[in-house]
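S.K.: dropping the sequence and predicted coords here.
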Amino acid sequence: MPSLEILTYPDARLRDLADPVTDFSDPSLQTFIDDLLEGMRSGPGSMGLAAPQVGRSIQIIAIDCGLMKKPPPEHHGLIVACNPEILTWSGMEIAREGCLSIPDYTGNVVRATEISVQYQDRHGEEQTLILHGFEARVWQHEVDHLEGRLFIDRIVSRRSDLFKRKVYQPRQR
């Protein structure tokens, strides 16, 4: 059972701008990251989670497209990113997104299909990656959380691009 509670819309804390991570030597940071990973892995259909979604306004995201029932052929597995930045992006695609913080809806969102990113890993080491397709979409979705944005802010029309979500069953362990 995850020790972190997922905040849900319209909780105002989901709109806060997250602060950068500065002290990577703090043992409580590593404990929090472990808890964030547990929360991500236990969420139904979840492939990503951002610290603001659990009430911590710091710039940390975790993604793992390998958690999908049918993972994309090209992905980097588990990524924990502190202070993530999108450096470049190209291509655009509309696709359906969901969010643990908006559990009852999904929506059509336009995102870049390829991005280059820079971040610090959980130990503060600088990293860069190029992400494609669904993995790039998940990254962009989670970075939005650090900026106080939700996928519903990116849909064009709530009438035609927002959909009631089917009921998910919790992941079996």
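M.R.: That came in fine, so what should we check first?

S.K.: which residue, other than its chain neighbours, is closest to V110?
M.R.: Excluding the flanking residues, the one nearest V110 by Cβ to Cβ, 6 or more residues apart in numbering is I94, at 5.2 Å. (Glycine included, C-beta is placed from N, CA and C.)

S.K.: sketch out the low-pLDDT regions of the protein for me.
M.R.: 1-2, 167-173 (pLDDT under 70).

S.K.: neighbouring contacts of the longest helix seen in it?
M.R.: Using DSSP state H, we find that the single longest helix of the chain is helix 27-42. Contact with helix 27-42 is made by 1-4, 6, 21, 23, 46-49, 51, 54, 56, 60, 62-64, 67, 78, 80, 122, 170-171, as judged by Cβ atoms under 8 Å, 6 or more residues apart in numbering.

S.K.: for that helix, buried residues please.
M.R.: The neighbour-count criterion (16 or more other Cβ atoms under 10 Å) identifies L29, F32, I33, L36, L37, E38, G39, M40, R41, S42 as the buried residues of helix 27-42.

S.K.: one step back: part of a strand, is the residue nearest to V110?
M.R.: Yes: membership of I94 in a strand is supported by DSSP: H, G, I helix; E, B strand; the rest coil.

S.K.: how about the contacts made by it?
M.R.: I94 sits next to N108, V109, V110 when contact means Cβ under 8 Å, 6+ apart.

S.K.: just checking, the last one touches E93?
M.R.: Yes: taking Cβ atoms under 8 Å as the definition, V110 is a contact partner of E93 at 7.2 Å.

S.K.: can you show me the strands along this structure?
M.R.: Taking DSSP state E as the test, the strands found in the chain are 48-50, 60-63, 79-99, 102-120, 126-132, 162-164.

S.K.: can you put those strands in CSV and add distance to W139?
M.R.: Shown next, in CSV, are the strands of the chain (distance: least, Cβ to Cβ, whole Å):
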stretch, distance to W139
strand 48-50, 8
strand 60-63, 6
strand 79-99, 7
strand 102-120, 6
strand 126-132, 5
strand 162-164, 22
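
S.K.: out of those strands, nearest to D144?
M.R.: Among those, strand 48-50 comes nearest to D144, with 8.2 Å by Cβ to Cβ.

S.K.: ok, the residue nearest in space to the middle of the chain to Y9 distance?
M.R.: The residue lying closest to the centre of the chain (Cα atoms, centre = their mean) is E142, at 2.8 Å. Computed as Cβ to Cβ, to the nearest Å, the E142 to Y9 distance reads 16 Å.
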